[in-house]
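Trainee: Sequence first, then the predicted structure:
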Protein chains: 2
Amino acid sequence: MLGLDPDPLALWPQAFEESGSSGAGPAERTARAVARHCRLVIDAAGPACVAIKPQLACFERLGSSGWRALEETVEHARECGLLVLADGKRGDVPVTAAAYAQGLCGETPGPFGAVPGLGADAFTVNPLLGRDALDPFADAAAAAGAGLFCLVRTSNPGAADVQDLETPQGPVHEQLARMVDGLSGRLAGSGELSGAGAVTGATRPDLLRRLRELMPRAPLLLPGVGAQGGSVEALAGARGAHPAACLVAASRSIAGAHGERGGQPAAAAAEAATEMRQVAWSRLA
Amino acid sequence: MLGLDPDPLALWPQAFEESGSSGAGPAERTARAVARHCRLVIDAAGPACVAIKPQLACFERLGSSGWRALEETVEHARECGLLVLADGKRGDVPVTAAAYAQGLCGETPGPFGAVPGLGADAFTVNPLLGRDALDPFADAAAAAGAGLFCLVRTSNPGAADVQDLETPQGPVHEQLARMVDGLSGRLAGSGELSGAGAVTGATRPDLLRRLRELMPRAPLLLPGVGAQGGSVEALAGARGAHPAACLVAASRSIAGAHGERGGQPAAAAAEAATEMRQVAWSRLA
């Protein structure tokens, strides 16, 4: 999966070829370059990936111009036949969760007709607010034929502070895994696989076997491979019955591959994505 | 605090007076009406409030047009002398949390100069990812002279699923409260009050006394008053040393006050906001 976390100071040089225009302010000019960068990265690395995973933070920090760059990026990915996993880790009380879901994979009824959302095929959610706050996301995903990935055990060192707290039912992350499994019947997936997935960081491979037991039908999104130090080889415990039961996402190690490999950014990105795809298929499928 | 959770199907009639234009699509026309609605609500109820609390979900579901409506709403509130609490409950691994913080209260360095963020005076965050993931929010808030409100115990029924799980150190929400208290020295507030606050739902007033003990310096944001069933009177346990230690937010009970009270929306909203202000000051300050 192709992570898109565009850093305006690390865009590919070609991203500036069309954005040098006129009276636009820094927000708009930067957002245009970001959109073009994402288009180039998709064109180069997309053929080795099944989906893009835009990091919403990196677009919304550029305001409404950045959100437009996100919309353009999603549209281009779709034209290239790629799925879109919107990585925003939203979570809120039920009425607000429903509003987020409208924006991600649904539409918002309005006085001038329905306003379409981003049209994501899947999105990440934060389960801290409990089952009733996940329900609107699951309902919207089911209606749209989309999937969701719920945070269960994240890849950062501080994840332990809350997600590993011991409870009478095991660590908090196991309780989160049970919540994900509880949604598995409501979201259609492919074969044995549900549309209710989980984010389980690649940085703690030792936890994956137990989490897989608790969520036998969940696709697992495994961030932390590459720049964050996790390796694809260590993730065997996450394997499931279906070859798509494990999804590896990488962003900086692809878009920034020319930094290590040299050569043109596009060629280096294509090479890095193809290599990661091969390793992931051989170890995880 | 004036919550702004605009529902496109429940906008004030006057919101449509300027949005009937030309070739724009439903997203743009709806977003324009939303922006004008928020402006009207601010003009009516703002004088009885210290801040607006825009619910980011309700803007971003309208895409880039909705985000522009958010930017306009924030700008208008600022012109009216109101503070802005951006309610987005963001949370992610540290590098991404830093990107969210740039968008909320900082700026994003870029090749065409820095891109300013939303300029929020405060924002809500989700602590599921632990201390290292809160740090970038705290750093950005400190640099901007802003505050943050961390979810500790939310107002929805499902909050218990995760936030009330028992651990050897007490329920999860007490652990979250300790994390907030741990940030209190880093964020300047007013008098005894820190800039590190907490969201503690008004629907479980029985928990507030203990949470106040654990977070003596935290401003507490108490959602759930009004439409969600919490009452201002029951919140005495949340009181702190400073009169601003408790912040009550209401949105639907203000913007929709004419539904119960009759009369013009603006007059009803002003009346509802003034009444809530009086009750809040008399019971919580």
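Mentor: Sure, I can see it. None of the values given here were measured: they were computed from a predicted structure. Numbers count the residues shown, from 1 in each chain, chains lettered A, B, ... in the order given.
Trainee: Show me where chain A has its helices.
Mentor: For chain A, applying DSSP state H gives helices covering A:26-45, A:56-60, A:63-79, A:94-105, A:131-144, A:160-163, A:172-183, A:208-214, A:252-255, A:257-261, A:265-284.
Trainee: Packing partners of the fourth one?
Mentor: So that's helix A:94-105. strand A:83-90, strand A:122-125, helix A:131-144, helix B:56-60 (3 or more CB pairs under 8 Å, 6 or more residues apart in numbering or on different chains; DSSP states H and E). For the C-beta atoms, the positions are set from N, CA and C on the backbone; glycine is no exception.
Trainee: Could you dump the ones you listed into TSV with distance to A:Leu151 and mean neighbour count added?
Mentor: Shown next, in TSV, are the helices and strands packed on helix A:94-105 (distance: least, CB to CB, whole Å; neighbours: other CB atoms under 10 Å in any protein chain shown):
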stretch	distance to A:Leu151	mean neighbour count
strand A:83-90	6	26
strand A:122-125	7	27
helix A:131-144	11	21
helix B:56-60	18	28
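Trainee: ok so, going back, let me know which of the helices of chain A is tucked in deepest.
Mentor: Highest mean neighbour count of those: helix A:56-60, a mean of 28 (counted as mean count of other CB atoms under 10 Å in any protein chain shown).
Trainee: To B:Ala249, which of the helices of chain A lies closest?
Mentor: helix A:94-105 (12.5 Å; CB to CB).
Trainee: before we move on, the earlier item: can you redo the helices and strands packed on helix A:94-105 as CSV with distance to B:Asp7?
Mentor: CSV is the format used below for these (distance: least, CB to CB, whole Å):
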stretch, distance to B:Asp7
strand A:83-90, 18
strand A:122-125, 22
helix A:131-144, 15
helix B:56-60, 7
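Trainee: could these be laid out in a markdown table, adding mean pLDDT and distance to B:Gly263?
Mentor: Below are the helices and strands packed on helix A:94-105 laid out as a markdown table (pLDDT from 0 to 100; distance: least, CB to CB, whole Å):
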| stretch | mean pLDDT | distance to B:Gly263 |
| --- | --- | --- |
| strand A:83-90 | 98 | 36 |
| strand A:122-125 | 98 | 40 |
| helix A:131-144 | 98 | 33 |
| helix B:56-60 | 98 | 25 |
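Trainee: among these, which is nearest A:Ala250?
Mentor: Among the helices and strands packed on helix A:94-105, the nearest to A:Ala250 by CB to CB is strand A:83-90 (12.8 Å).
Trainee: dump the residue contacts of the nearest residue to A:Ala69 once chain neighbours are set aside.
Mentor: Leaving aside its chain neighbours, A:Ala69 sits nearest to A:Ala35 (3.8 Å; criterion: CB to CB, 6 or more residues apart in numbering or on different chains). Contact analysis of A:Ala35 by CB atoms under 8 Å, 6 or more residues apart in numbering or on different chains lists A:Arg68, A:Ala69, A:Glu72, A:Thr73.
Trainee: And for A:Lys89?
Mentor: Contacts of A:Lys89 (CB under 8 Å, 6+ apart): A:Thr124, A:Val125, A:Asn126, A:Leu151, B:Arg90, B:Gly91, B:Asp92, B:Asn126.
Trainee: ok, it to B:Arg153 distance?
Mentor: Using CB to CB, to the nearest Å, A:Lys89 is found at 20 Å from B:Arg153.
Trainee: How about A:Met1?
Mentor: 35 Å.
Trainee: neighbours around the nearest residue to A:Pro205 once chain neighbours are set aside, how many?
Mentor: Distances taken as CB to CB, 6+ apart put A:Ala234 closest to A:Pro205, at 4.0 Å, once the chain neighbours are dropped. If you count neighbours by other CB atoms under 10 Å in any protein chain shown, A:Ala234 ends up with 17.
Trainee: again, but for the one 4 residues further on
Mentor: Neighbour count for A:Ala238, taken as other CB under 10 Å: 27.
Trainee: what residues does the helix or strand of chain A with the lowest mean pLDDT touch?
Mentor: Here the helix or strand of chain A ranked lowest by mean pLDDT, DSSP states H and E is strand A:246-248, holding a mean of 86. Identification of contacts with strand A:246-248 by CB under 8 Å, 6+ apart yields A:1, A:50-51, A:197, A:202, A:219-222, A:225, A:232, A:235, A:238-240, A:276, A:280, A:284-285.
Trainee: Buried subset of those as a ChimeraX selection?
Mentor: To isolate the buried ones among those in ChimeraX, judged by 16 or more other CB atoms under 10 Å in any protein chain shown, type:
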select /A:1,51,197,202,219,220,221,222,225,232,235,238,239,240,276,280,284
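Trainee: re the thing from before, what does the pLDDT read for the residue nearest to A:Pro205?
Mentor: For A:Ala234, the model assigns a pLDDT of 73.
Trainee: re earlier: off-centre distance for the least confident helix or strand of chain A?
Mentor: Relative to its chain's centre, strand A:246-248 lies at 10 Å (CA atoms, centre = their mean, to the nearest Å).
Trainee: Direction included, what does it pair against?
Mentor: Sheet pairing for strand A:246-248, assigned by DSSP bridges, gives strand A:220-222 (parallel).
Trainee: how far does the strand it pairs with sit from the chain's center?
Mentor: That offset, for strand A:220-222, works out to 9 Å (CA atoms, centre = their mean).
Trainee: residue of the stretch 151-285 of chain A with the smallest distance to chain B?
Mentor: A:Gly158 (3.0 Å; CB to the nearest CB).
Trainee: give the contact list for that residue.
Mentor: Contacts of A:Gly158 by CB under 8 Å, 6+ apart are B:Pro94, B:Leu129, B:Gly130, B:Arg131, B:Asp132, B:Ala133, B:Leu134.
Trainee: I appreciate the help and will end here.
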